[in-house]
Each structure stands twice: as structure tokens, then as C-alpha cells.
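Asker: coords below, sequence missing:
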Ligand code: ITT
């Protein structure tokens with residue numbers, strides 16, 4: 001409980017966009033430390049078969065090596081017409097690296113001539129506090145457009161339009177995305193656990 005007691009917790013991610021989003025949701029309730037803030041430069045291997053496995057792998061890495069309270073996020077884009085792909089493989093869909101443009105190009109090409117564009121983002125957050133593991137998730141339903149729109153957000157945001165919206169996540173303000181997104185919903189559940197009386 002060391003870090004939480006001091007109103008700090010580690011977010012085990014190397015993705016600065018995720019960090020920005022979660023810090024914005026946290027506001028001044030808690031200080032979210034990044035991996036570099038604690039001197040961790042590892043690219044934690046994500047070898048799990050599910051989002052749950054990978055979220056736990058990342059959180060355990062920090063908990064076991066640094067002894068700090070922490071949480072980790074694993075996120076996937078699940079496309080119905082592709083049988084749920086890219087899913088847990090979303091980061092490395094087109095290449096070995098995190099090439100968002102290549103990932104989107106491959107996704108659009110795999111959906112060429114496909115009428116069923118239904119998809120969802122799913123985020124699983126694993127929290128380890130005082131050695132106790134807990135998991136929460138968040139989902140947002142939507143559809144994959146035929147071409148990218150917008151410059152904001154990251155990853156697959158330019159091709160994902162949430163249900164009931166006229167714009168993509170990449171065309172939305174950060175607080176608009178956070179209000180309904182997979183990560184926003186999972187993070188709200190995380191903060192309900194961390195701050196049960198607020
Ligand atoms: P960490 O594992 O270090 O947290 P990562 O970028 O590798 O960062 P994931 O393993 O969760 O994150 O990979 C998820 C992939 O899905 C990755 O390609 C992201 O760009 C993409 N992604 C995650 N969240 C997203 C979001 O809110 N909007 C659009 N794309 C997202």
C-alpha cells in the first residue's frame with residue numbers, strides 16, 4: 001500500500017497516449033507515475049493469450065520487481081467480421097512494431113467490400129495493491145469506417161466511430177473520448193476501487 005498511501009500509483013505502460021488519458025481522468029485525485037518515473041525502461045513482453053493475461057503480466061512485472069502498487073491496461077479492437085481480430089494482437093497486427101498506420105491499412109484492406117463493420121474496443125485493467133490482484137474492464141461499441149478521419153487520439157482511433165456518434169475518436173476532444181471510451185469506463189471502475197467513498 002506504500003504508493004497508494006502516499007497518493008501515488010504506477011501505471012505500467014510504455015504508451016504515452018494511454019498515460020495522458022488516464023492522468024486526465026484522474027485529475028488531482030492521485031498521482032499516476034509512469035514506468036520511466038520509477039526508472040523502468042523495459043518493454044514488458046506481452047506473451048498472454050488474452051487481454052486479461054497481458055494486463056496481469058504487465059502489472060506483475062512492476063509489482064514483483066519494484067514492490068509498488070500499480071495497474072496495467074491491455075486493450076484490443078474486436079471486429080465482428082474478422083472473428084474478433086485483431087483483438088489481443090492489436091498492437092502487432094501488421095508488423096512486429098507498434099505501427100498504427102500499417103495496422104489501420106491492414107484492417108481496412110481486410111474489411112474491403114465487407115458490409116458488417118461492427119467492432120468494439122475492450123480494455124482490461126489489472127490492479128495490484130498490497131499484493132492483491134483485481135481486474136476491471138470497459139467496452140465501447142462502434143464501427144470501422146472505410147477510411148481514416150481526424151488527427152487526434154492514437155492507434156485505431158481515426159477509423160473507429162462509436163455507436164451514436166457522427167465522428168471518430170480521432171476527431172473528438174480528449175475529454176469527449178474519455179467520457180465514453182473503453183479506457184474511460186475501465187478507469188472509472190478502477191477509481192471506484194481506489195476511492196470507494198468518493
Ligand atoms: P502498453 O502495453 O505499454 O500499455 P501498447 O500500445 O502496447 O502499450 P496494448 O498492448 O494495449 O498497448 O496494445 C493495444 C493496441 O491497440 C495498440 O496498437 C494501440 O495503438 C491500440 N489502442 C489501444 N488503445 C487504443 C485507443 O484508445 N484507441 C485506439 N487504439 C488503441
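Answerer: Sure, I can see it. Since the model is a prediction, treat every value here as computed from it, not as a measurement. Numbers count the residues shown, from 1 in each chain.
Asker: What residues of stretch 101-110 count as buried?
Answerer: Buried residues in stretch 101-110, counting neighbours by 16 or more other Cβ atoms under 10 Å, are found at 103-104, 107-108, 110. For every residue, glycine as well, the C-beta is placed using N, CA and C.
Asker: who's in contact with that stretch?
Answerer: Residues from elsewhere that reach stretch 101-110 (Cβ atoms under 8 Å, 6 or more residues apart in numbering): 77, 79, 82, 85-86, 90-91, 93-95, 144, 146-148, 155-156, 158-159.
Asker: run the last query once more with 7 Å
Answerer: 82, 93-95, 144, 146-148, 156, 158-159 (Cβ atoms under 7 Å, 6 or more residues apart in numbering).
Asker: Next: stretch 20-31.
Answerer: With Cβ under 7 Å, 6+ apart as the criterion, stretch 20-31 contacts 7-9, 11, 32, 174-175, 178, 183-184, 187, 191, 194-195.
Asker: 8 Å - rerun?
Answerer: Under the criterion Cβ under 8 Å, 6+ apart, residues 4, 7-9, 11, 32, 73, 174-175, 177-178, 181, 183-184, 187-188, 191, 194-195, 198 lie in contact with stretch 20-31.
Asker: Which helix or strand lies directly C-terminal to the helix or strand of the chain with the lowest mean pLDDT?
Answerer: Every helix and strand of the chain was ranked by mean pLDDT, DSSP states H and E. The lowest is helix 2-5, at a mean of 55. As assigned by DSSP states H and E, the chain's next helix or strand after helix 2-5 is strand 8-11.
Asker: Is it possible to get TSV of the buried residues of stretch 101-110 that adds secondary structure, distance to the ligand and pLDDT?
Answerer: As requested, the buried residues of stretch 101-110 are exported to TSV (DSSP: H, G, I helix; E, B strand; the rest coil; distance: Cβ to the nearest ligand atom, whole Å; pLDDT from 0 to 100):
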residue	secondary structure	distance to the ligand	pLDDT
103	helix	6	98
104	helix	9	98
107	helix	11	98
108	helix	14	98
110	helix	15	98
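Asker: Would you mind listing what in this structure touches the ligand?
Answerer: For the chain, the residues in contact with the ligand (Cβ under 6 Å from any ligand atom) are 13-15, 18, 46, 73-75, 90-91, 98, 100, 121, 153-157, 169, 181, 183.
Asker: Kindly write the ChimeraX command that selects the buried subset of the contacts of stretch 20-31.
Answerer: Selecting only the buried entries of the contacts of stretch 20-31 in ChimeraX, with 16+ other Cβ under 10 Å as the criterion:
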select :4,8,9,11,32,73,174,177,178,181,183,184,187,191,194
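Asker: Do me a favour and get the end-to-end distance for stretch 136-153?
Answerer: Stretch 136-153 has an end-to-end distance of 22 Å (Cα to Cα, to the nearest Å).
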